[in-house]
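Colleague: next one to model:
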Amino acid sequence: MMKIDRVSMTFNQGTPDENQALNNVSLDVHDGDFVTVIGSNGAGKTTLYNAIAGTYTPTEGRIFIRDIDVTRTPEFKRSRYIGRIFQNPLLGTAGKMSLEDNMVICHKKGYKSLKISLNNKLREYFRSRLRELDMGLENRLKDNVELFSGGQRQALTLLMAVLSEPAILLLDEHTAALDPRNAEIVMNLTEKFAKEYKLTVMMITHNMQHALQYGNRLLMMDSGQIVLDIDSEEKSQLTIDGVVQRFRDIKKKELANDQLLLHV
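Modeller: Have a look, this model is predicted:
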């Protein structure tokens, strides 16, 4: 599904502020993988996502998606087959537009023509998909999305991303800004959709328990490198303390981020 080949990313190259955010990163993500990604702040997680999505062009290395070299493909073109959900639940939807208009925009993704008429058949299709969220949104097609709660908007963003049939779905701490109840709802939906639609997912999280509980593979990043890559069989037997010890053994230092150390 995706191959990252020796990718490095250096900001402000050749200046006193030079910062190497990614350092010779290589990674193969297989079709249907659900990869959780952890690491301290500044480890390079979001920079890696930005390189995959096309927000940044790597200083070195190449990125392939479905065997196509997309290293220099513009972000707007990659968005046709890369879904991305951010921490802020307001970023994935247009608040001043109605729910059905948001769904139409999602439905147009991947079509060459934007002339898709909103009719009763399409509205019923939207209702049937919205019922999967179990939030009553199927009865609020005419309401502006800004009237919805943060949890409802993030669940809606997730559904819209899934319906666009992405080659890969990037989740960037997509439950971190939600209260515990809504975070649990969105995580349950994430797991449900990943299984039902056979999605390829990469999920950044600061919740170590989520990193171990969800998905079939775990990556840990530090100083712009992948320092741990744990597959499903080993991952299922790991504990939080075990991950921390593996990090200490490899890096010969303590894990710097207190959030990752919380046993939650």
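
Colleague: quick one: average confidence on stretch 81-95?
Modeller: Averaged across stretch 81-95, the pLDDT comes to 93.

Colleague: residues contacting it, please?
Modeller: Identification of contacts with stretch 81-95 by C-beta atoms under 8 Å, 6 or more residues apart in numbering yields 49, 52-54, 65-66, 101-102, 105, 110, 144-146, 150-151, 153-154, 156-158, 160-162, 164, 166-174, 176-178. C-betas here are computed from N, CA, C, even on glycine.

Colleague: likewise for stretch 147-161?
Modeller: 83-85, 89-93, 99, 102-103, 106, 129-130, 132-133, 135, 137, 140, 145, 169, 174-175, 177-179, 181-183, 185-186, 189-190, 193.

Colleague: out of the contacts of stretch 81-95, which are inside helices?
Modeller: Residues of the contacts of stretch 81-95 located in helices (DSSP state H): 49, 52-53, 101-102, 105, 150-151, 153-154, 156-158, 160-162.

Colleague: in the stretch 151-264 of the chain, where is pLDDT below threshold?
Modeller: Residue ranges of the stretch 151-264 of the chain with pLDDT under 70: 256-264.

Colleague: from the contact counts, what lies against the longest helix along the chain?
Modeller: Identified as the longest helix of the chain according to DSSP H is helix 180-196. If contacts are counted by 3 or more C-beta pairs under 8 Å, 6 or more residues apart in numbering; DSSP states H and E, helix 180-196 sits against helix 150-163, strand 201-204.

Colleague: residues in contact with residue 43?
Modeller: Counting by C-beta under 8 Å, 6+ apart, residue 43 touches 221-224.

Colleague: tell me which element it falls in.
Modeller: Following DSSP states H and E, one finds residue 43 outside all helices and strands.

Colleague: do you know the pLDDT at it?
Modeller: 92.

Colleague: what does the one 4 residues further on give?
Modeller: Residue 47 carries a pLDDT score of 96 in this model.

Colleague: quick one, phi/psi of it?
Modeller: Residue 47 adopts backbone torsions of phi -60, psi -40, taken as degrees, to the nearest 10.

Colleague: how about it, nearest residue that isn't a chain neighbour?
Modeller: In this structure, residue 47 finds its nearest non-sequential neighbour in residue 21, 4.1 Å apart by C-beta to C-beta, 6 or more residues apart in numbering.

Colleague: now do residue 220
Modeller: residue 228 is the one closest to residue 220 (C-beta to C-beta, 6+ apart), at 3.8 Å.

Colleague: who are the contact partners of that neighbour?
Modeller: 218-220, 243, 246-247, 250 are the contacts of residue 228 under C-beta under 8 Å, 6+ apart.

Colleague: quick check, residue 220 in contact with residue 226.
Modeller: Yes: using C-beta atoms under 8 Å, residue 220 is in contact with residue 226, at 7.3 Å.

Colleague: am I right that the residue nearest to residue 220 falls within a strand?
Modeller: Yes: counting by DSSP: H, G, I helix; E, B strand; the rest coil, residue 228 is located in a strand.

Colleague: save the helices and strands packed on helix 180-196 as TSV, and put in distance to residue 76 and mean neighbour count too.
Modeller: Listed next are the helices and strands packed on helix 180-196 as TSV, based on distance: least, C-beta to C-beta, whole Å; neighbours: other C-beta atoms under 10 Å:
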stretch	distance to residue 76	mean neighbour count
helix 150-163	16	22
strand 201-204	20	24
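
Colleague: residue 248 sits in which helix or strand?
Modeller: Going by DSSP H and E, residue 248 is in helix 240-251.

Colleague: in that helix, which residues are buried?
Modeller: By 16 or more other C-beta atoms under 10 Å, the buried positions in helix 240-251 come out as 240, 243-244, 246-247.

Colleague: which elements pack onto that helix?
Modeller: Under the contact criterion of 3+ C-beta pairs under 8 Å, 6+ apart, helix 240-251 touches helix 208-213, strand 217-222, strand 225-230, helix 258-261.
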